[in-house]
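# Here is my input; please provide its structure:
(chains A and B)
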2 protein chains.
Amino acid sequence: MVMKKLINSVDAIVTDTLRGVAAAHPSLRVDFENRVIYRRNAPHQGKVGLVSGGGAGHEPLHGGFVGYGMLDAACPGEVFTSPVPDQMIEASKGVDGGAGVLHIVKNYTGDVLNFEMAAELCADEGIEVASVLVNDDVAVQDSLYTAGRRGTGATLFVEKIAGALAETGAPLAEVARLAQEVNERSRSFGVALSAGTVPAAGKPTFDLSDTEIELGIGIHGEPGRTRTTHREAREIARLAMDAVNDDVPLSGDTLVLLNGMGGTPLLELYIMYGEVAAYLEEKGARAVRCLVGNYVTSLDMQGFSVSVCRLTDELTRLWDAPVETPGLRWAADRPHG
Amino acid sequence: MVMKKLINSVDAIVTDTLRGVAAAHPSLRVDFENRVIYRRNAPHQGKVGLVSGGGAGHEPLHGGFVGYGMLDAACPGEVFTSPVPDQMIEASKGVDGGAGVLHIVKNYTGDVLNFEMAAELCADEGIEVASVLVNDDVAVQDSLYTAGRRGTGATLFVEKIAGALAETGAPLAEVARLAQEVNERSRSFGVALSAGTVPAAGKPTFDLSDTEIELGIGIHGEPGRTRTTHREAREIARLAMDAVNDDVPLSGDTLVLLNGMGGTPLLELYIMYGEVAAYLEEKGARAVRCLVGNYVTSLDMQGFSVSVCRLTDELTRLWDAPVETPGLRWAADRPHG
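Got it, this is the predicted structure:
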């Protein structure tokens, strides 16, 4: 083995990752045969079950967001490859507590087709399924793996906020409507300084010179909008935020995810967050809630994405509701000061 | 600017990072002039104040661990450079609630000298200071920046567990004794697949070929024990854990930090954690608590470190106590299932 990855073999990546997740998190239950990560006590009677999934390589998305107040199950595919309908059906059965199941689907052709097929087969078996399609990335209309806009960072917003509403016992139609609203109120844009390396390929997905960056990059190394010369953090933040603001003018209270793509130090993410917060203020908007860190990654890609959700009182309240997952956790009555 | 980092300039890195931290975390108060990150409401009367600090580039260490149940203040130096005594004195004054201050110092020559000088000057001003030296890294005796063993991942254990004890109102001597005990019960070992790039240098700290890894690497790119050929995750885990186990035989209940060095995907860290948990089981030990992720980093270095603390009932209870910081948070009564 020459490619330098911390793996046993390319074929064993997902199995070995699941083994580590199972060992690390007693709050989760891992079905190795069907490749599903569940909340330990799923299903929860009377609660809408939330299922998401997608290719591996974006961790902590989605498996790291399974737990109280967020997802009930996640299905990982191979690296950058959609999970199969059988996984989604198994997960839906496993989380159905009689109140139906919401599928949270990032807009990539493979994921969309497989979740659609799974939803139909679930219906045949008497499980009520609703779906929400996340397509927050303003960078490109259609791309290598997508018809329409890609789903990226806002997936975390949808999973957290819909998950909080589901914990209150809200019915499926209401949880689905809210998930849709979160997606509609959210926009994202990503910038790459270098590509990630897919283990099966063994080399970076694309090449950028020492002076180039790629604007509007997706989470699989698919092409963005354009390449440009590297520049100061402040200017890069402006390029990204202008793209968001051109799509929907920013105002009022916002929730911001300043997301690392996997290979960028937290120090640089904080520098970018400072620039983004200043940009918002300049536009008369405010970042009243935020996350800074690696949440929706692309293997070891260097770069960041910024996602902004224009908040309402309801969304803020549900964002603040307690959550307990490996990747995101806080308590309602958290001590402060 | 040709080096591809998300920065405005090399000189502004720490200032701009602090600006982002201040914007992101209303639970913290940033003193930009003196470069200190405080808990918003510091000092807390009657509570021992915990201060740590070190060069930037290891985020979330230390600033990300300021908050309820952990540090009261952190002083960042320039990248991979010790903070100066003035910062430490200012921080100590700012967190002294009359019960004294504990300095948590990683064993690097610059940090040790500066914290010693600060402690003396604090004493002159009537602030009682105790210090704990963290030196958990079994890789090498003496190295580029250290006499004796280096302080690495166990710093997080010391900060969390001593922080929890301090919240109970325990006196300084007791908090210092416990911090020392946590350090003594902890061991770490790191492995690099590639070096990080210090912004002021503009190129990787060292070069590894496509087939080499470095065993026993520190958190500044300083040399480790040896270089060897890259191999499967299982074998690399064994090399790291053998080094720990040779130093102090592993048994009983342990707390494990499977730490990313900054540029390694979470997916690979979970694979490594699965191997480490299996190794412990083979030795008759158990990982009863763990963290998997980027906690004590080295800019964008690819690789991992593993830290193991042999738990006691007291240490387990204090580890489980609530904590609310940007980088580590959980509640006592967290919902489960």
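# Count the neighbours of A:Asp11 for me.
Around A:Asp11 sit 12 other residues, with neighbours defined as other Cβ atoms under 10 Å in any protein chain shown. To be clear about C-beta, it is placed using only N, CA and C from the backbone, and glycine gets the same treatment.
# So it belongs to a helix, correct?
Yes: when classified by DSSP: H, G, I helix; E, B strand; the rest coil, A:Asp11 is found to be part of a helix.
# List the contacts of A:Pro83.
A:Arg35, A:Gly53, A:Gly54, A:Gly55, A:Cys75, A:Pro76, A:Gly77, A:Asp111, A:Asn114 (Cβ atoms under 8 Å, 6 or more residues apart in numbering or on different chains).
# Quick check: phi and psi at it.
phi -60, psi 170 (degrees, to the nearest 10).
# for A:Gly190, same thing?
phi -120, psi 150.
# May I ask which of the contacts of A:Pro83 has the most neighbours?
The residue in those with the most neighbours, by other Cβ under 10 Å, is A:Gly53 (31 neighbours).
# That one reaches A:Gly110, doesn't it?
No: checked against Cβ atoms under 8 Å, the pair A:Gly53 and A:Gly110 is beyond contact range at 11.0 Å.
# Format the contacts of A:Pro83 as TSV; extra columns: pLDDT.
Putting the contacts of A:Pro83 into TSV (pLDDT from 0 to 100) gives the following:
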residue	pLDDT
A:Arg35	98
A:Gly53	97
A:Gly54	97
A:Gly55	97
A:Cys75	98
A:Pro76	98
A:Gly77	98
A:Asp111	97
A:Asn114	98
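# Of these, which is the nearest to B:Lys47?
Ranking those by separation from B:Lys47, with Cβ to Cβ as the measure, puts A:Pro76 on top at 43.7 Å.
# what bridges to that closest one?
A:Gly54 (DSSP bridges).
# still on that earlier bit, and for A:Gly53 and A:Gly110, which residues touch both?
Residues touching both A:Gly53 and A:Gly110 (Cβ under 8 Å, 6+ apart): A:Ser82.
# Ramachandran coordinates for A:Thr146?
Residue torsions, per degrees, to the nearest 10, at A:Thr146 are phi -140, psi 140.
# ok now do it, which residues does it touch?
The neighbours of A:Thr146, taking Cβ under 8 Å, 6+ apart as the test, are A:Asn107, A:Tyr108, A:Thr109, A:Gly218, A:Glu222.
# go again using 6 Å as the cut-off
Each residue near A:Thr146 by Cβ atoms under 6 Å, 6 or more residues apart in numbering or on different chains is listed here: A:Asn107, A:Tyr108.
# With the one 4 residues further on instead?
Taking Cβ under 6 Å, 6+ apart, we find A:Arg150 in contact with A:Asn107, A:Asp137, A:Gly218.
# give me every residue that touches the second one.
The contact partners of A:Asp137, taken as Cβ under 6 Å, 6+ apart, are A:Arg149, A:Arg150, A:Thr152, A:Ser188.
# Check the burial of A:Arg238 by counting its neighbours.
Around A:Arg238 sit 18 other residues, with neighbours defined as other Cβ under 10 Å.
# Nearest residue to it in space, please, no chain neighbours.
With Cβ to Cβ, 6 or more residues apart in numbering or on different chains as the measure, A:Tyr279 is the residue that lies nearest to A:Arg238, at 6.4 Å, once sequence neighbours are left out.
# quick one on the thing from earlier: now intersect the contacts of A:Asp137 with the strands, please.
Members of the contacts of A:Asp137 lying in strands (criterion: DSSP state E): A:Ser188.
# Turn the contacts of A:Asp137 into JSON lines, including pLDDT and distance to B:Ser209.
Written out in JSON lines, the entries for those read as follows (pLDDT from 0 to 100; distance: Cβ to Cβ, whole Å):
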{"residue": "A:Arg149", "pLDDT": "95", "distance to B:Ser209": "41"}
{"residue": "A:Arg150", "pLDDT": "95", "distance to B:Ser209": "36"}
{"residue": "A:Thr152", "pLDDT": "97", "distance to B:Ser209": "35"}
{"residue": "A:Ser188", "pLDDT": "98", "distance to B:Ser209": "37"}
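# distance between the ends of stretch A:140-149?
This stretch, stretch A:140-149, spans 6 Å end to end (Cα to Cα, to the nearest Å).
# Pairing partners for the helix or strand bottoming out on mean pLDDT in chain A, with directions?
Taking all helices and strands of chain A together, the one with the lowest average confidence (mean pLDDT, DSSP states H and E) is strand A:329-330, at a mean of 93. Strands flanking strand A:329-330 in the sheet, each with its direction: strand A:323-324 (antiparallel) (DSSP bridges).
# so for the strand it pairs with, what's the average pLDDT?
Across strand A:323-324, the average pLDDT comes to 95.
# Just confirm the residue nearest to A:Arg238 contacts A:Met241, I think it does.
Yes: using Cβ atoms under 6 Å, A:Tyr279 is in contact with A:Met241, at 4.6 Å.
# Which of the helices or strands spans the residue nearest to A:Arg238?
helix A:266-282 (DSSP states H and E).
# Buried ones in that helix, by neighbour count?
For helix A:266-282, burial by neighbour count (16 or more other Cβ atoms under 10 Å in any protein chain shown) applies to A:266-280.
# Likewise for stretch A:154-171?
Within stretch A:154-171, the residues that qualify as buried by neighbour count (16+ other Cβ under 10 Å) are A:154-167, A:170.
# Next up, the contacts around A:Ile89.
A:Ala118, A:Leu121, A:Cys122.
# ah, wrong one, I meant A:Glu214
For A:Glu214, the set of contacting residues under the criterion of Cβ under 6 Å, 6+ apart consists of A:Ala192, A:Gly224, A:Arg227.
# sec struct for the first one, please.
Okay, so that is A:Ala192. When the structure is reduced to helix, strand and coil (three-state DSSP), A:Ala192 reads as strand.
# what pairs with it across the strands?
In this structure, A:Ala192 has beta-bridge partners A:Glu214, A:Gly303, where bridges are defined by DSSP bridges.
# surely it meets A:Gly303?
Yes: shown here, A:Ala192 and A:Gly303 form a contact pair, counting by Cβ under 6 Å, at 3.9 Å.
# Counting neighbours, what do you get for A:Arg289?
When counting by other Cβ under 10 Å, one arrives at 18 neighbours for A:Arg289.
# wait, isn't it in contact with A:Leu255?
Yes: the pair A:Arg289 / A:Leu255 is scored as a contact, 4.4 Å apart, by Cβ under 6 Å.
# Can you check which residues contact both of the two?
With Cβ under 6 Å, 6+ apart applied, the contact sets of A:Arg289 and A:Leu255 do not overlap.
# near chain B, which residues of the stretch 51-200 of chain A?
A:Glu59, A:Tyr68, A:Leu193 (Cβ under 6 Å from any Cβ of the partner chain).
# what's the last one in contact with, if anything?
What that stands for is A:Leu193. Counted by Cβ under 6 Å, 6+ apart, A:Leu193 has contacts A:Ile213, A:Gln302, A:Gly303, B:Lys4.
# and those residues as TSV, adding distance to A:Asn41, pLDDT and neighbour count?
As requested, the contacts of A:Leu193 are arranged in TSV below (distance: Cβ to Cβ, whole Å; pLDDT from 0 to 100; neighbours: other Cβ atoms under 10 Å in any protein chain shown):
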residue	distance to A:Asn41	pLDDT	neighbour count
A:Ile213	45	96	24
A:Gln302	39	96	25
A:Gly303	38	97	29
B:Lys4	46	91	20
